[in-house]
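1. Only the shape, not the letters, is given here:
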């Protein structure tokens, strides 16, 4: 009997062992089957996802640490289509908050392709709207109301400009695809944007790994002085109003190192509404006229002709010229701005009265080779190298060019037949202010990356004239401004400068009624700390620079000495002796 | 002699039930050991899972805080923008100064300050420290560390 039980037990054990073995065999077989491989690969697909980590776009500050361009949170509002219970109500509520029509939202909710699981209703929704909508969702959820089921908010950063239109021509803007256009935003787009990093993010918490290090974009510190920029923009706007000018630019630069302290141009736009671009500008060159638009500068260019002549030894300050009111160059007669004969003049008088005839005579005395050689050295016809996108080069015709004529030697001497940008003129004039050395203008003061600040060194663009010539001409321009009793003067400060009134060329010759008025000036004369360039297009109250651009210069100089802490000359000399 | 040997063997031979109990004991020892190892493994795995989840949540939190920082900076810049400051100054009774109203005083040793360095010289980016080895190593590696080094390397 006992043995019989033992046999039965043995059979049962063997049977169970066989079943167990079969299970194991089946497990191994299934796990190594072809289908298992397919399931495994499908599983791997859902084990995680590749995510692109975009760095925060670098901020832009002015030289005193005021934020000019930052970032702020906006929301992508979307709907998980499988969770919608009442598309009708959802479309109605969303249309109320998002400023869309009911039909637009309803169509998105109901007519999206079947394969879609999620649909974006609106992106770049502001924080206030999103928070109000989130509050609505919460209230409905609390009341077990499913009308907004499936609504999702995905926050992300968007470029923001707290100063709105301030320095808009310098900063440029960033579109929603994250690309910078114009100005600093375009020039330094790669630095500001940083490098996105794509990594595999597992969903399994056991496989959680370190956060990838995605450095933010480089923060930029500009040379701009926000307060001066604001004042200069106000002055420019008022000048356009007062003198009925169409547009204008004002530049303020530190002549010692080329740092642009203010760069105002019109029109400006609120950078937070960059969609207005097409309504404000016809083409990209208008975005920042001070670097993008070349024009015939007129008499401000006489200071370069005089600098060249003094440096070449063609004339001296006391060289006498008898002005008969006209001169013939290349077979064409050139006259003064008022067609008068000014009689005997020295070189200061030629500048003070802005005599075309005198300057045409000077360039003729220099000869084409010397004159154009100097103009090339002053950088005319070449970009300044400023660190802003969209710079125009202007045009300097030289002997040998198909459209150069001998009369150009005479007209170019007083700024006709040559086109420059405001910044080119400012850069060329910096050689007179800066002991003969011409500075390269720049807007970037430093870069901040990973907590380290890298300052941008100043650069010089050559020395077109000697220090002695620069000092001589500096003094001549100060005297001519003083003797003229110019509206450009500022009590307490000795300033130097030159006006420029230029007729505007058209397809049919020069416009008889419209002018471009300019002024280039600097101060204090014995220790120049700021340079100013002004260009007003087609003023209507007066066509003369002395009555329009000159007083604007005085206003800019006044604000510059206040905001840059430059004491009056007497006080400065007194302080220096202590 | 042979009989004597048989007597000794019989004297020391354990009873069958004793041998059976020893086998059962050994088997139970193995089962308990395996259970302990399984429990330890489960514990470590559970802790790793919880930590992994926390890491995921912290990652989201870091992103949120970064966005909040950016928002706060922008809000501060809005509040201190040129227009806002001018408006507040005028409301408080201030007006723009004129050049003649300024007094300049010589301060021995004073040097005009250069533009300030904006950020502290340290990495301000949030960055996770390397995960402790407890969260990344397998159970065998953990045992290996304990045995060879008496603790984590």
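-> The structure has been received and is ready for your questions. What you see is a predicted model, and the numbers here were worked out from it, not measured in a lab. Numbers count the residues shown, from 1 in each chain, chains lettered A, B, ... in the order given.
2. Specify which residues of chain B, grouped into ranges, have pLDDT under the cut-off.
-> B:1-3, B:8-12, B:113-136, B:151-153 (pLDDT under 70).
3. Give me the sheet partners of the least confident helix or strand in chain A by mean pLDDT and which way each runs.
-> Using mean pLDDT, DSSP states H and E, strand A:48-53 stands out as the lowest-scoring helix or strand of chain A, at a mean of 75. Taking DSSP bridges as the criterion, strand A:48-53 forms sheet pairs with strand A:197-202 (antiparallel).
4. quick one: average confidence on the strand it pairs with?
-> Taken as a whole, strand A:197-202 carries a mean pLDDT of 78.
5. Just the helices from chain B, written as ranges.
-> For chain B, applying DSSP state H gives helices covering B:2-12, B:16-79, B:82-91, B:139-149.
6. quick one: average confidence on stretch A:482-497?
-> 90.
7. Do that stretch and chain B come into contact?
-> Yes - counting by CB under 8 Å from any CB of the partner chain, chain B has neighbours in stretch A:482-497: A:490, A:491, A:492. Just so you know, the C-beta spots here come from the backbone N, C-alpha and C atoms, and that holds for glycine as well.
8. Pairing-wise in the sheet, spell out the partners of the residue positioned nearest the centre of chain A.
-> For chain A, the residue sitting closest to the mean C-alpha position, by CA atoms, centre = their mean, is residue A:183 at 2.1 Å. Counting by DSSP bridges, residue A:183 forms beta bridges with residue A:389.
9. do you know how far it is from residue A:177?
-> Noted for residue A:183: a distance of 17 Å to residue A:177, by CB to CB, to the nearest Å.
10. ditto for residue A:43
-> Applying CB to CB, one obtains 35 Å for the distance of residue A:43 from residue A:177.
11. ok, residues contacting stretch A:142-149?
-> A:83, A:84, A:85, A:86, A:89, A:90, A:93, A:136, A:137, A:140, A:141 (CB atoms under 8 Å, 6 or more residues apart in numbering or on different chains).
12. The second one against residue A:91, yeah?
-> Looking back up the chat, that one is residue A:84. No - applying CB atoms under 8 Å, one finds residue A:84 not in contact with residue A:91, separated by 9.8 Å.
13. Break down the stretch 351-500 of chain A into its helices, ranges please.
-> A:356-366, A:368-377, A:407-413, A:422-433, A:467-483 (DSSP state H, counting those that start in this stretch).
14. Compare these and give me the one nearest residue B:149.
-> helix A:422-433 (67.2 Å; CB to CB).
15. just to revisit the earlier point, do you know which of the helices of chain B lies nearest residue A:331?
-> So among the helices of chain B, helix B:82-91 is nearest, using CB to CB, at 55.3 Å.
16. The closest one close to chain A?
-> Yes - legend: contact between helix B:82-91 and chain A by CB under 8 Å from any CB is shown at B:82, B:83, B:86.
17. hmm, back to that, and the least confident helix or strand of chain A with helix B:16-79, angle?
-> 30 degrees (axes from the mean of the first three to the mean of the last three CA atoms, to 10 degrees).
18. So which residues make contact with strand A:48-53?
-> Contacts for strand A:48-53 (CB under 8 Å, 6+ apart): A:196, A:197, A:198, A:199, A:200, A:201, A:202, A:203, A:204, A:207, A:212, A:214.
19. Quick one: list the elements packing against the following helix or strand past it.
-> For strand A:48-53, the succeeding helix or strand toward the C-terminus, using DSSP states H and E, is strand A:60-61. The contact analysis (3 or more CB pairs under 8 Å, 6 or more residues apart in numbering or on different chains; DSSP states H and E) places strand A:60-61 against strand A:67-80, strand A:219-222.
20. deepest of those, which one?
-> Between the helices and strands packed on strand A:60-61, strand A:219-222 has the highest mean count of neighbours, a mean of 26, where neighbours are mean count of other CB atoms under 10 Å in any protein chain shown.
21. Is it positioned near chain B?
-> Yes - residues of strand A:219-222 contacting chain B under CB under 8 Å from any CB: A:219, A:221.
22. and the residue of chain B nearest chain A?
-> residue B:52 (3.1 Å; CB to the nearest CB).
23. related to what we said a few turns ago, neighbour-wise, give me the winner out of the residues of stretch A:482-497 next to chain B.
-> Counting neighbours by other CB atoms under 10 Å in any protein chain shown, residue A:490 comes out on top of these with 20 neighbours.
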